[in-house]
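*Asks:* Got a predicted model here, sequence first, then my questions.
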Amino acid sequence: MKIGIIGTGMLGEAVGLHLLDVGYEITVFNRTKEKTENLKKNGAIVVESPKHVAENSDLVIIVVKDADAVNNIVFGNSGLMGGMHDGMCIADMSTVNPNSTKEISEKVTETGIDYLEIPVMGGPNVAIKGKLVLMASGEKIIFEKFKKVFDSIAEQSFYLGNTGTAHSIKLAMNLQISMLALSLSEGITLTEKAGFDPEIFLKVLNSTYFKTGMSEGKAYKMIKENYEPTFTLSNLKKDLDTINDAADSCNIELPMAKLARKVYSDAKNAGLGEMDYTGIIEYIKKLSEK
Ligand SMILES: NC(=O)c1ccc[n+]([C@@H]2O[C@H](COP(=O)([O-])OP(=O)(O)OC[C@H]3O[C@@H](n4cnc5c(N)ncnc54)[C@H](OP(=O)(O)O)[C@@H]3O)[C@@H](O)[C@H]2O)c1
């Protein structure tokens, strides 16, 4: 089983390093070549285009920013379609709109190539240990064919049915992330401005039913103003755009998703986009300084 990875940003690099670690042969491509250096040092084959990745892989995992990037990688010049061959499968791990996924999947599968969507929960720190949570949609038989690889990437893999389902659930998951980071930001700010140590707030929160992984983990970094990115604020804002687009296309009102998009968008415009998404607390604090 030869695996290709296209997109070696924070998440793609970590997935690649883990797959190398457990013994897979990996061929990689990234638009900005410097971001493949660590993988090369660890044994990955670095090639010049998605087409070359396709030629050398049975399963090609795409981990890029958005649906436009995925489209370009699959169908663009020197794209994956140029290197397609029997038995090849494209699996998209990027967080994208379910409608875009359906269109891309339809166009790919018409050519005889298999397509799965495999969005994940968990960042690079989790991916490097093979402990992501993976949600898959597409043909079940194709999911089963590559399940061994997915079991290596993730400690839990969910097969969720028809194309579009996994990305819909992933969007619902990222809505939780955006809200949790906001409510922690406001809770910490409120406690601090009232003159109390926010660690006391976290200690009490984390001894209740309302604790989360975020309140037990990243919240302590937020207090220490450590926003080293594992998932950028800019990418979460991109996901909130997608969540709102998805809500519009289902004709539903999600008032908090709309508000969250505005807050993250304002924070990005204020120059916080490359911070970790938990840097949203800096934006919340700045609002009180006005
Ligand atoms: N980090 C996480 O915790 C996490 C968790 C789950 C899902 N995700 C999703 O996984 C995807 C990647 O996230 P990340 O954290 O690795 O982001 P990242 O570090 O910002 O990396 C983004 C990747 O996308 C590539 N890219 C962007 N626009 C492109 C284009 N037009 N054509 C080709 N490549 C393009 C970048 O290439 P360059 O290097 O050339 O810019 C880079 O490889 C996103 O969809 C994100 O929402 C991330």
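*Replies:* Yes, it's here. Numbering: from 1, shown residues only.
*Asks:* just the strands in the stretch 101-250 of the chain please.
*Replies:* 114-117, 120-121, 132-138, 154-159 (DSSP state E, counting those that start in this stretch).
*Asks:* I'd like to know which elements the second one is packed against.
*Replies:* Applying 3 or more Cβ pairs under 8 Å, 6 or more residues apart in numbering; DSSP states H and E, one finds that strand 120-121 makes contact with strand 132-138, helix 165-193. Every residue, glycine included, has its C-beta placed from N, CA and C.
*Asks:* Of these, which is nearest residue 21?
*Replies:* Nearest to residue 21, of all these, is strand 132-138, at 14.2 Å by Cβ to Cβ.
*Asks:* so the closest one versus strand 154-159, what angle?
*Replies:* 20 degrees (axes from the mean of the first three to the mean of the last three Cα atoms, to 10 degrees).
*Asks:* Turn the helices and strands packed on strand 120-121 into a markdown table, including mean pLDDT.
*Replies:* Below are the helices and strands packed on strand 120-121 laid out as a markdown table (pLDDT from 0 to 100):
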| stretch | mean pLDDT |
| --- | --- |
| strand 132-138 | 98 |
| helix 165-193 | 97 |
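*Asks:* Tell me which of the ones you listed is the most buried.
*Replies:* A comparison of the helices and strands packed on strand 120-121 by mean neighbour count, using mean count of other Cβ atoms under 10 Å, puts strand 132-138 on top with a mean of 24.
*Asks:* That one pairs with which strands, and in what direction?
*Replies:* Strand 132-138 has the following strand partners under DSSP bridges: strand 114-117 (antiparallel), strand 120-121 (antiparallel), strand 154-159 (parallel).
*Asks:* The longest one to helix 165-193, inter-axis angle?
*Replies:* With the same axes, to 10 degrees as the basis, strand 154-159 and helix 165-193 are set at 130 degrees to each other.
*Asks:* distance between strand 154-159 and the chain's centre?
*Replies:* Centroid displacement of strand 154-159 relative to its chain, using Cα atoms, centre = their mean, to the nearest Å, is 15 Å.
*Asks:* ok so, going back, deepest in the core, which of the strands paired with strand 132-138 is it.
*Replies:* Note that of the strands paired with strand 132-138, strand 114-117 is the most buried (mean count of other Cβ under 10 Å), with a mean of 24.
*Asks:* hey, what's residue 92 bridged with?
*Replies:* Bridge pairing for residue 92 - DSSP bridges - gives residue 62, residue 117.
*Asks:* separation between it and the ligand?
*Replies:* 9 Å (Cβ to the nearest ligand atom, to the nearest Å).
*Asks:* Repeat that for residue 17.
*Replies:* 13 Å.
*Asks:* for residue 177, same thing?
*Replies:* Residue 177 is 9 Å from the ligand, by Cβ to the nearest ligand atom.
*Asks:* Could you find the residue in this protein that comes nearest to the ligand?
*Replies:* residue 9 (1.9 Å; Cβ to the nearest ligand atom).
*Asks:* and that residue, how many neighbours does it have?
*Replies:* Using other Cβ atoms under 10 Å, residue 9 has 18 neighbouring residues.
*Asks:* So what does it look like in phi/psi?
*Replies:* The phi/psi pair for residue 9 (degrees, to the nearest 10) reads phi -70, psi -160.
*Asks:* Please read off the pLDDT at it from the model.
*Replies:* pLDDT, residue 9: 98.
*Asks:* Residue 39 reaches residue 26, doesn't it?
*Replies:* Yes. Applying Cβ atoms under 8 Å, one finds residue 39 in contact with residue 26, separated by 7.0 Å.
*Asks:* which residues do those two both contact?
*Replies:* Common contacts of residue 39 and residue 26 (Cβ atoms under 8 Å, 6 or more residues apart in numbering): 5, 16, 20.
*Asks:* Closest one to residue 238 out of those residues, please.
*Replies:* Out of these, the member with the shortest distance to residue 238 (by Cβ to Cβ) is residue 5, at 20.3 Å.
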